Every structure is written in C-alpha cells, then in structure tokens.
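[1] All I have is the shape, not the residue letters:
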C-alpha cells in the first residue's frame, strides 16, 4: 500500500493519545466503543452489524446534528493487532468504496500515535473530500477517541 500513498491523493490526520496502544486499538474493535466516539462532534453512530475480522463488514449510520442520516460501510482488508487496520469505506451498501483507509497505532513511550490515512483514487476525489470538511471532521473524531479512551475504557 505504500506505493499508493501519493500525497496528492491522501488525507492524513494524526493525534498522540496518553494511553497504551492496546487500549487505543481496542476502541476500534467493538461496536459499543465505536458508537460512543466515531465521527465528528455532534454526530452519533448506530451500528447495524459489525464483524471485526479481515473481510468482515461494519455497517452503520451516522446521525448528523441536523437530523440527516449518513449510511456508511467499512470492509476490513487487514487487521494486525495492535498496530494496524486497513479497510475500504463507502456510503450506501451497494455503492463502491469512496476511499481506502489505513489506521496505524505507534507506541511512543507510554502513549500512542494514531495515524488515520484516507487514500483516494484521484486527486479530484481527495480535493472534494477536503472541501467537504474532512480534515476538521477527522481531527474532531480523533479528539473524541482521545476523550473516550481516557475516560471510558
């Protein structure tokens, strides 16, 4: 996948969390955890199904603060606990993936650096997603992850 990481086709968001990486990784592995923090501020998740395994599907709806419903699916393509998760991510279940995602968890002393990388097929698709506010939304999501890990797990 490293050959696919053309900077003009990716979005990368990082955050260092004061928790061990096994704990941070766990927050991604269970729908009860994900529903508590995944998504930008003001959004709430509803998981419909989740199989956290290679080839498994996480299908969920994000409820926006304005009441709009955002269907999503993630198909896991790699899970290497506690260091890496790769996946395809789409909207409606019958649509193709909008992008590929890669989440890495790097131990930094007693902390964890979480890197969320979104990989798009084209520069135009990446730019449209940036224009939609994905960078700020990703930063908010990792902020919610940090609050969840430090307070709830």
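    Ah, there it is. Computed from a predicted model, the values in this text were never measured in an experiment.
[2] From now on I want contacts and neighbour counts done on CA atoms only, so please keep to that.
    Noted.
[3] Neighbouring strands - and their directions - for the longest strand along the chain?
    In the chain, taking DSSP state E as the definition, the longest strand is strand 69-80. Strand 69-80 has its sheet partners listed here by DSSP bridges as strand 57-63 (antiparallel), strand 84-90 (antiparallel).
[4] TSV for the ones you listed, including distance to residue 35?
    Output for the strands paired with strand 69-80, formatted as TSV (distance: least, CA to CA, whole Å):
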stretch	distance to residue 35
strand 57-63	9
strand 84-90	17
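[5] Same list, these, but as CSV with mean pLDDT please.
    Output for the strands paired with strand 69-80, formatted as CSV (pLDDT from 0 to 100):
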stretch, mean pLDDT
strand 57-63, 98
strand 84-90, 98
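[6] returning to what we had before: which residues sit against the longest strand of the chain?
    52-64, 84-93 (CA atoms under 8 Å, 6 or more residues apart in numbering).
[7] Buried by neighbour count: which residues of it qualify?
    Neighbour counts over strand 69-80 (16 or more other CA atoms under 10 Å) mark 71-77, 79 as buried.
[8] Could you do stretch 91-102 as well?
    Buried residues in stretch 91-102 (16+ other CA under 10 Å): 91, 97-102.
[9] Got phi/psi on residue 21?
    Dihedral pair for residue 21: phi -60, psi -30, per degrees, to the nearest 10.
[10] The one 5 residues further on now?
    Listed backbone geometry of residue 26 is phi -60, psi -30, with angles given as degrees, to the nearest 10.
[11] what's the spacing between it and residue 88?
    Computed with CA to CA, to the nearest Å, the distance linking residue 26 and residue 88 is 20 Å.
[12] higher neighbour count, the two?
    When neighbours are counted by other CA atoms under 10 Å, residue 26 and residue 88 differ, and residue 88 comes out ahead with 19 against 15.
[13] where's the residue nearest to that one when sequence neighbours are not counted, which helix or strand?
    Among residues not flanking residue 88 along the chain, residue 100 sits closest, at 4.4 Å (CA to CA, 6 or more residues apart in numbering). Using DSSP states H and E, residue 100 sits in strand 99-108.
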